[in-house]
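Chemist: Need a 3D model of the sequence below.
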Amino acid sequence: MDHRVTILELLRGRSPVSRAELAERSGLSPATVSRAVDRLRADGLVREVPIASAGLGRPPRLVEFRPEAAYVVGVDAGGSLLRAVLADLEGTVRARAARPASDPDDLGAILRDVAEVVGEVEAAAGGRPVLAVSAGVSGIVDHAAGSVLLSPDLPGLDGALLASLLGDALGIPVVVDNDDLLAAIGEAAVGAARGCTDVAFLSLGYGLGAGLIVDGRPVRGASNAAGAIAYLAPGRLEERASGRAIPIRYRDAILAAERGAPEADERRSPGPVRSGSRRRGEADRASRLDARGVFELAATGDPIAAAVVADVADALGELVVNVAALLDPEVVVVGGGLAANGAVLFDPLARRLAETLPFPPRLVPSALEGAAVVHGAVSVALAAAKQRLAGPGAQARAAPEPGRVGALDLV
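Modeler: The predicted structure follows:
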């Protein structure tokens, strides 16, 4: 049986140590430890360093882990911008690259774009091996099959066996997963939820999504669609409270006010009617606004923007309460573009949690922001690298342990 991974795990964060100490900690025989260390030395993953000795003869030597001996790559393919990072075997990021998706509707173009952005960071490895690549994809992903079932942002990937296609293109084992789930893993590994085993990550941006971790394990669901909060009733939450919907709602409210007619949903009341010419000018400006612009207008006292923002906060408050009541997480991490609005968004959500639930979870902003997905992908890639090192037939699974990242952790 190959015990290289056992030795690597013992060395992570504790090296250098002697072979005798490794045998004591692992419960393995000295001969077994020596064989494993010798194989790791041949692989370049560890080295032995001498220590000063006052006695005669060969000085004692300590075994030291070399995290820079090999690398993994994490990819964020969550939308029109593709990102990749190169990380060593401790999870430390060594290089970053990004490029736009040249054609989101074309599978071949997406594969070439991802291969190129991976190639950019792989060059920083200096010829050392890249053991695994993990990619987070926007949409519904079958992690076990390595396929993308549905990707609204990159429709060219719909139905694609992405893991095998990328693996063939790169010559490196590839695992794929939902980007929001990887963001949750990233926050649990090195971000705002570090050390937590029950985590809900809410991605509140142009679209809406969630990544869920329960009892230290990623939750995917029977159809791999767990966390698809955009579809929450009543109606579709994404049409009421996403970054895509907010400027549209603001523009529609202005036009409705110009006509003197309220929106169909009384919760979206636009406020007092203004003069027609002024309203048309506001409608023209609204067509150029994004969600942040609507929040900024609300902060200046614009009554229509304030009404839209208040309703968005109400809808997202319902979301946070429902997720927390169902899963009872330790922490709810909020990321995505809407999180940048700070207290304007977080204060009503926190109040809603405190007023509604007997044991509300902590509500915190993402610590990793736009890098949450790639950090989660690195954690999963490290797990896949461990599986590769463990060899065929080993009881290893490519799933990371929240709260730990580094030398090839698994749950």
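Chemist: host element of Arg388?
Modeler: Using DSSP states H and E, Arg388 sits within helix 372-390.
Chemist: Please save the CA atoms from that helix in PDB.
Modeler: What follows is helix 372-390, C-alpha atoms only, in PDB (Å, rounded to 0.1, in the frame of the first residue of the first chain):
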ATOM      1  CA  ALA A 372     -13.900  33.200  -4.100                       C
ATOM      2  CA  VAL A 373     -14.500  30.800  -7.000                       C
ATOM      3  CA  VAL A 374     -10.900  30.400  -7.900                       C
ATOM      4  CA  HIS A 375      -9.900  29.800  -4.300                       C
ATOM      5  CA  GLY A 376     -12.600  27.100  -4.000                       C
ATOM      6  CA  ALA A 377     -11.400  25.700  -7.300                       C
ATOM      7  CA  VAL A 378      -7.900  25.500  -5.900                       C
ATOM      8  CA  SER A 379      -9.100  23.600  -2.900                       C
ATOM      9  CA  VAL A 380     -10.900  21.100  -5.100                       C
ATOM     10  CA  ALA A 381      -7.900  20.800  -7.400                       C
ATOM     11  CA  LEU A 382      -5.700  20.000  -4.300                       C
ATOM     12  CA  ALA A 383      -8.200  17.300  -3.400                       C
ATOM     13  CA  ALA A 384      -8.000  15.900  -6.900                       C
ATOM     14  CA  ALA A 385      -4.200  16.000  -6.700                       C
ATOM     15  CA  LYS A 386      -4.300  14.000  -3.600                       C
ATOM     16  CA  GLN A 387      -6.500  11.400  -5.300                       C
ATOM     17  CA  ARG A 388      -4.000  11.200  -8.100                       C
ATOM     18  CA  LEU A 389      -1.000  10.800  -5.800                       C
ATOM     19  CA  ALA A 390      -2.900   8.200  -3.700                       C
END
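Chemist: quick thing: my sequence starts at 52, can you match it?
Modeler: With the count now opening at 52, the last piece we talked about shows up as helix 423-441.
Chemist: pLDDT of that helix, averaged?
Modeler: Taken as a whole, helix 423-441 has a mean pLDDT of 91.
Chemist: Output the contacting helices and strands for it.
Modeler: With contacts taken as 3 or more Cβ pairs under 8 Å, 6 or more residues apart in numbering; DSSP states H and E, helix 423-441 sits against helix 55-62, strand 122-128, strand 132-139, strand 144-151, strand 181-188, strand 225-229, helix 230-241. Glycine gets a C-beta too; all of them are placed from N, C-alpha and C.
Chemist: Can you give the distance of the fifth one from its chain's centre?
Modeler: Relative to the centre of its chain, strand 181-188 is centred 12 Å away, using Cα atoms, centre = their mean, to the nearest Å.
Chemist: how's this protein carved up into domains?
Modeler: 55-116, 121-242+421-441, 250-416 (automatic domain parsing).
Chemist: Can you check the distance spanned by the first one, start to finish?
Modeler: So the one you mean is domain 55-116. One end of domain 55-116 sits 12 Å from the other (Cα to Cα, to the nearest Å).
Chemist: Over to the last one?
Modeler: Here the two ends of domain 250-416 are set 13 Å apart, with distance taken as Cα to Cα.
Chemist: just the second one next, same as before
Modeler: Using Cα to Cα, the end-to-end distance of domain 121-242+421-441 comes to 15 Å.
Chemist: Tabulate the helices and strands packed on helix 423-441 (TSV), appending mean pLDDT, mean neighbour count and distance to Arg343.
Modeler: Below are those laid out as TSV (pLDDT from 0 to 100; neighbours: other Cβ atoms under 10 Å; distance: least, Cβ to Cβ, whole Å):
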stretch	mean pLDDT	mean neighbour count	distance to Arg343
helix 55-62	85	22	44
strand 122-128	97	29	21
strand 132-139	96	23	17
strand 144-151	96	16	21
strand 181-188	96	27	24
strand 225-229	97	27	25
helix 230-241	96	30	20
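Chemist: could you give the angle of the host helix or strand of Val88 to helix 423-441?
Modeler: If you go by DSSP H and E, Val88 is part of helix 81-94. Relative orientation of helix 81-94 versus helix 423-441 (axes from the mean of the first three to the mean of the last three Cα atoms, to 10 degrees): 120 degrees.
Chemist: tell me the contacts of Phe411?
Modeler: Quick fix: residue 411 is Pro, not Phe. Residues in contact with Pro411 (Cβ atoms under 8 Å, 6 or more residues apart in numbering) are 375, 404-405.
Chemist: pLDDT value on it, please?
Modeler: Per-residue pLDDT puts Pro411 at 97.
Chemist: Just give the number of residues close to the residue nearest to Ile58 when sequence neighbours are not counted.
Modeler: Once flanking residues are discounted, Ile58 sits nearest to Ala87: 4.8 Å by Cβ to Cβ, 6 or more residues apart in numbering. Using other Cβ atoms under 10 Å, Ala87 is surrounded by 24 other residues.
Chemist: so how far is Ala391 from Ala87?
Modeler: Distance, Ala87 to Ala391, using Cβ to Cβ, to the nearest Å: 48 Å.
Chemist: Quick check: which ranges of the chain have low pLDDT?
Modeler: 52, 64, 103-110, 312-338, 442-462 (pLDDT under 70).
Chemist: biggest helix in it, by residue count?
Modeler: Determined from DSSP state H, the single longest helix within the chain is helix 354-378.
Chemist: Which neighbouring elements make contact with it?
Modeler: strand 250-255, strand 259-265, helix 289-292, helix 296-310, helix 342-350, strand 382-386, helix 394-407.
Chemist: Let's see the longest one as CSV, backbone CA atoms only.
Modeler: What follows is helix 296-310, C-alpha atoms only, in CSV (Å, rounded to 0.1, in the frame of the first residue of the first chain):
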residue,chain,number,x,y,z
ALA,A,296,-33.6,43.2,-12.8
ILE,A,297,-32.9,46.3,-10.6
PRO,A,298,-32.2,48.8,-13.4
ILE,A,299,-35.1,47.4,-15.5
ARG,A,300,-37.4,47.8,-12.6
TYR,A,301,-36.3,51.4,-12.0
ARG,A,302,-36.8,52.3,-15.6
ASP,A,303,-40.2,50.6,-15.7
ALA,A,304,-41.3,52.4,-12.5
ILE,A,305,-40.3,55.8,-14.1
LEU,A,306,-42.3,55.0,-17.2
ALA,A,307,-45.3,53.8,-15.2
ALA,A,308,-45.2,57.0,-13.2
GLU,A,309,-45.1,59.0,-16.4
ARG,A,310,-48.3,57.2,-17.5
